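Visitor: build the 3D model from these lines:
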Amino acid sequence: MSSFEEQLNALLERANEIKSPKQVDSFDTVNLFGNRHILDDWMNDVEIFHQKFLTKHALSSRIQFLLLDRGLSSFPQLVSCLRSIAKDKNFIDEMNGISKKTVPSYQAKNLPQYDVFLSHANKDKEDFVEDLYKSLEKLGVNIFYDRKSLEWGDKWKERILEGTKKSEFAIIVISQNFFGREWTEKELNEFLNRQNRNGQKLVLPIIHNITNDDLRKKYPLVADIQTVDSRKLSCDEIAIMFARQFIKRLKAEG
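Guide: Okay, here's the model as predicted:
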């Protein structure tokens with residue numbers, strides 16, 4: 001919890017222990033003046049809190065007026081204002097440094113829907129790709145994986161092309177089984193074209209039971225992209241490497 005939320009909650013908790021001036025018997029001078037002293041201290045702290053955090057909030061001018069007035073009704077109204085602020089999720093997010101970008105509707109359809117697209121040959125599913133999918137899923141990665149993402153009745157070609165357009169990254173598992181297949185090579189070309197247009201890292205190749213020389217001979221356009229070798233790293237290790245790349249992207253965009 002942030003310092004802002006901690007201080008706001010502390011003020012509200014203290015308010016629960018203070019009697020409103022209207023609740024104190026005017027003839028009970030001990031409680032009247034004792035309560036007033038506690039109440040004044042609380043209002044002073046609210047004023048400090050207001051100057052520190054709330055000057056840009058919609059209720060700022062209202063709080064400022066109540067702090068100047070300090071009449072009998074000011075205390076419950078100040079408590080009401082603080083409770084409203086405690087429920088203002090957008091303001092709390094802003095105070096916690098969580099920013100929300102407003103995206104024009106015409107751009108929204110192009111926003112990434114998936115963290116990564118898992119491109120592979122079907123023959124590599126059982127001995128490698130399925131385990132890699134599970135390792136990524138354990139880390140909470142949102143994955144376009146045909147076995148999980150395609151549903152009964154989908155036009156699979158359209159869904160796959162949509163997935164290539166709406167994924168932040170593409171992990172390409174390149175093997176002998178990948179070579180020469182219409183759709184695996186179509187996916188690879190889609191991602192390479194996007195990467196070239198955007199100038200941003202997108203393609204993350206894994207060589208599976210082949211060498212980098214094999215890769216260069218078949219796909220020279222991938223020759224200058226750093227690969228990882230499935231024989232040298234476990235699926236869990238590869239998933240962690242992807243998570244690091246994804247976190248770097250989030251930090252750069254933040």
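Visitor: CA atoms for contacts and neighbours, from now on please.
Guide: Will do.
Visitor: which parts of the stretch 101-250 of the chain are helices?
Guide: 105-108, 130-138, 146-149, 156-165, 182-198, 212-218, 235-253 (DSSP state H, counting those that start in this stretch).
Visitor: possible to save those as TSV with mean pLDDT, mean neighbour count and distance to Val228?
Guide: Listed next are the helices of the stretch 101-250 of the chain as TSV, based on pLDDT from 0 to 100; neighbours: other CA atoms under 10 Å; distance: least, CA to CA, whole Å:
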stretch	mean pLDDT	mean neighbour count	distance to Val228
helix 105-108	48	8	33
helix 130-138	95	16	13
helix 146-149	88	12	22
helix 156-165	87	16	21
helix 182-198	90	15	16
helix 212-218	94	15	9
helix 235-253	90	14	8
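Visitor: reformat those as a markdown table; add distance to Cys81.
Guide: Putting the helices of the stretch 101-250 of the chain into a markdown table (distance: least, CA to CA, whole Å) gives the following:
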| stretch | distance to Cys81 |
| --- | --- |
| helix 105-108 | 34 |
| helix 130-138 | 42 |
| helix 146-149 | 46 |
| helix 156-165 | 46 |
| helix 182-198 | 47 |
| helix 212-218 | 64 |
| helix 235-253 | 35 |
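Visitor: and those helices: which comes nearest Phe117?
Guide: helix 156-165 (6.7 Å; CA to CA).
Visitor: who are the packing partners of that closest one?
Guide: If you count contacts as 3 or more CA pairs under 8 Å, 6 or more residues apart in numbering; DSSP states H and E, helix 156-165 packs onto strand 114-119, helix 182-198.
Visitor: show residues contacting the longest one.
Guide: This means helix 182-198. Contact with helix 182-198 is made by 119-121, 161, 164, 170, 172, 178-179, 201-203, as judged by CA atoms under 8 Å, 6 or more residues apart in numbering.
Visitor: for Met95, give me the pLDDT.
Guide: pLDDT recorded at Met95 is 83.
Visitor: tell me the contacts of it?
Guide: So Met95 contacts Phe4 (CA under 8 Å, 6+ apart).
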